[in-house]
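**Student:** Have a look at this prediction, sequence included:
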Amino acid sequence: NKCMAIGISLIHNDVRSQIKKYNSAFVSPIDIDFAVNKAQYDVLDRIIQEYEAGQRRSSADQELLRLHSFSGAAEERTLPNDVHKLSAIFLADAEGDLLDDKHFNDRLNSTIIPPSVSRPIATVYNDGAAKIRILPSASTHKIKYWKVPVTAVYNFTQTDGVITYNPTGSVDVGFPMSEYSQILNRTLTYLGLPSVNADAANLEKSIQ
C-alpha cells in the first residue's frame, strides 16, 4: 500500500499562505523549491537516525528504503545511482556486515570469523563510480539502501506578476503525507519564516 506522495503545489500553497500571514517579501517558486529540496534531505536524515536507533523499524512509510538485488555471480558490484546511504547487505537471506576498509581487510584475513555464506562482509569504494565489494562472491547479493530524494519541481508560468501552477513538468515530493508537517516546517525554516506548529522546534533539536 503506497502512501500518497506530497504534492508540490500543496507545499507551495501553504508556504504562500505563511508568507501572506507574516507580510514577508515576495519569494519566487524557485526559492521555495530550493528550500523544499534541502528540507527533504534533513527529514530523510532524521528518519534514518530514528530507524537506526530502532525507533521506526515497523513503520510502513519507509518509501525511501529500497531493496536491490544484484544479478550474476560476482564480488564487485556497481551501486545503483540513487543510493543516499546503505542500510544493510545480504547474501540470499543472510545479513552481513558493512565495514570500512581496515575492518574489511581484517575480516578477509581472519581465521576466526572469515566471510561466509551465513555472514558475508562488504565495503564500499569509488573508482570513478560508486562500488560495493561483497564476499563471498555469489549471485544472490542484495543491498537495502535509503534512496536519494527526488528533486521536487514546481513548474509555473508567470504573467504580469501572477504565478500559475502547471502540473505538466512538475515533480511531487517523494515522501508520504505522514512527513508533511516536517517537510513544510523545515522548508519554512530555510525561507526564514515561522513554522506552522511546534513540531518544527522538535525537528530542529533532532537534526542539530
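**Tutor:** Done, it's in. Here the structure is a predicted model, which means the values were calculated and not measured.

**Student:** Poorly predicted segments of this structure, please.
**Tutor:** Along the chain, segments meeting pLDDT under 70 span 1-3, 56-61, 197-208.

**Student:** mind listing the strands for it?
**Tutor:** Under the criterion DSSP state E, the chain contains strands at 5-6, 65-69, 74-78, 83-91, 94-95, 97-98, 121-126, 130-138, 141-147, 156-159, 162-165, 173-176.

**Student:** Of those strands, which is nearest residue 19?
**Tutor:** strand 162-165 (12.1 Å; C-beta to C-beta). Every C-beta, even on glycine, is put in place using the N, C-alpha and C of the backbone.

**Student:** strand partners of the closest one, parallel vs antiparallel please.
**Tutor:** Note on strand 162-165: by DSSP bridges, its sheet partners are strand 156-159 (antiparallel).

**Student:** Can I get the strand it pairs with in PDB? Just the C-alpha atoms.
**Tutor:** Extracted C-alpha coordinates of strand 156-159, given in PDB (Å, rounded to 0.1, in the frame of the first residue of the first chain):
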ATOM      1  CA  PHE A 156       4.800  27.500 -13.400                       C
ATOM      2  CA  THR A 157       4.100  30.400 -15.800                       C
ATOM      3  CA  GLN A 158       4.200  34.000 -14.700                       C
ATOM      4  CA  THR A 159       2.100  36.700 -16.400                       C
END
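
**Student:** List the buried residues in it.
**Tutor:** Using 16 or more other C-beta atoms under 10 Å as the test for burial, strand 156-159 gives residue 156.

**Student:** Ok, stretch 44-57 next?
**Tutor:** In stretch 44-57, counting by 16+ other C-beta under 10 Å, buried: 44, 46, 47, 48, 51, 56.

**Student:** Please apply the same query to stretch 177-197.
**Tutor:** By 16+ other C-beta under 10 Å, the buried positions in stretch 177-197 come out as 179-191, 193, 195-196.

**Student:** ok so, going back, for residue 37, find the nearest of the strands of the chain.
**Tutor:** strand 173-176 (8.6 Å).
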